[in-house]
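Undergrad: Give me coordinates for this.
(one chain, ligands or ions: 1)
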Amino acid sequence: MSDHFTITWIDKGQPPRVASDPSHPDGVHIDSGRRPACRVELPYMTQTNIGLWLVQCDKCRTNMMITMASRPDDPVSVMLPCKINQTPTGKTKQ
Ligand SMILES: [Zn+2]
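TA: Numbering: from 1, shown residues only. So this is what the prediction gives:
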């Protein structure tokens, strides 16, 4: 769920110039592989210009910028590495 995230759109003021990648017609999922992480659903295909989503976790204050091209191959979700509940070794149970 995306109930504790603040998602802000930063519009670059230009439409996309490059064609969408046909191998990702339903968007992509961004995952850096780091854990723990929070899954954030992005407002997919809600903009018309290229730009950035600034995603911030309200619990741990982690934030990330995600580039958007307003094309079908845009990210639909992201695994945002979370700073809370992190053990000293950085390992968590799956
Ligand atoms: Zn968090």
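
Undergrad: make it CA atoms for all contacts and neighbour counts henceforth
TA: Fine.

Undergrad: tell me the contacts of the closest residue to Asp74 other than its chain neighbours?
TA: Closest residue to Asp74 apart from its sequence neighbours, by C-alpha to C-alpha, 6 or more residues apart in numbering: Gly27 at 5.0 Å. Counting by C-alpha atoms under 8 Å, 6 or more residues apart in numbering, Gly27 touches Pro72, Asp73, Asp74, Pro75, Val76.

Undergrad: For Met64, pull up the helix or strand it's in.
TA: If you go by DSSP states H and E, Met64 is part of strand 63-68.

Undergrad: before we move on, back to that, and the contacts of Gly27 near the ion, which?
TA: Contacts with the ion are made by none of those, judged by C-alpha under 5 Å from the ion.

Undergrad: can you tell me how far the residue most central in space within the chain sits from Pro22?
TA: Residue closest to the average C-alpha location in the chain (C-alpha atoms, centre = their mean): Val78, at 3.8 Å. Val78 is 20 Å from Pro22, where distance means C-alpha to C-alpha, to the nearest Å.

Undergrad: how far is the strand holding Met64 from where the chain is centred?
TA: 6 Å (C-alpha atoms, centre = their mean, to the nearest Å).

Undergrad: Ok, stretch 30-43 next?
TA: For stretch 30-43, the distance to the chain centre is 7 Å (C-alpha atoms, centre = their mean).

Undergrad: distance between the ends of that stretch?
TA: Terminal residues of stretch 30-43 are spaced 14 Å apart (C-alpha to C-alpha).

Undergrad: tell me which residues of that stretch are tucked away?
TA: By 16 or more other C-alpha atoms under 10 Å, the buried positions in stretch 30-43 come out as Ile30, Arg35, Pro36, Ala37, Cys38, Arg39, Val40, Glu41, Leu42.

Undergrad: leaving aside the residues next to it on the chain, what's closest to the fourth one?
TA: Take Ala37 and drop its neighbours on the chain: the residue closest to it by C-alpha to C-alpha, 6+ apart is Pro81, 4.0 Å away.

Undergrad: How about the contacts made by the one you found?
TA: By C-alpha under 8 Å, 6+ apart, the residues touching Pro81 are Ser32, Arg34, Arg35, Pro36, Ala37, Cys38, Thr62.
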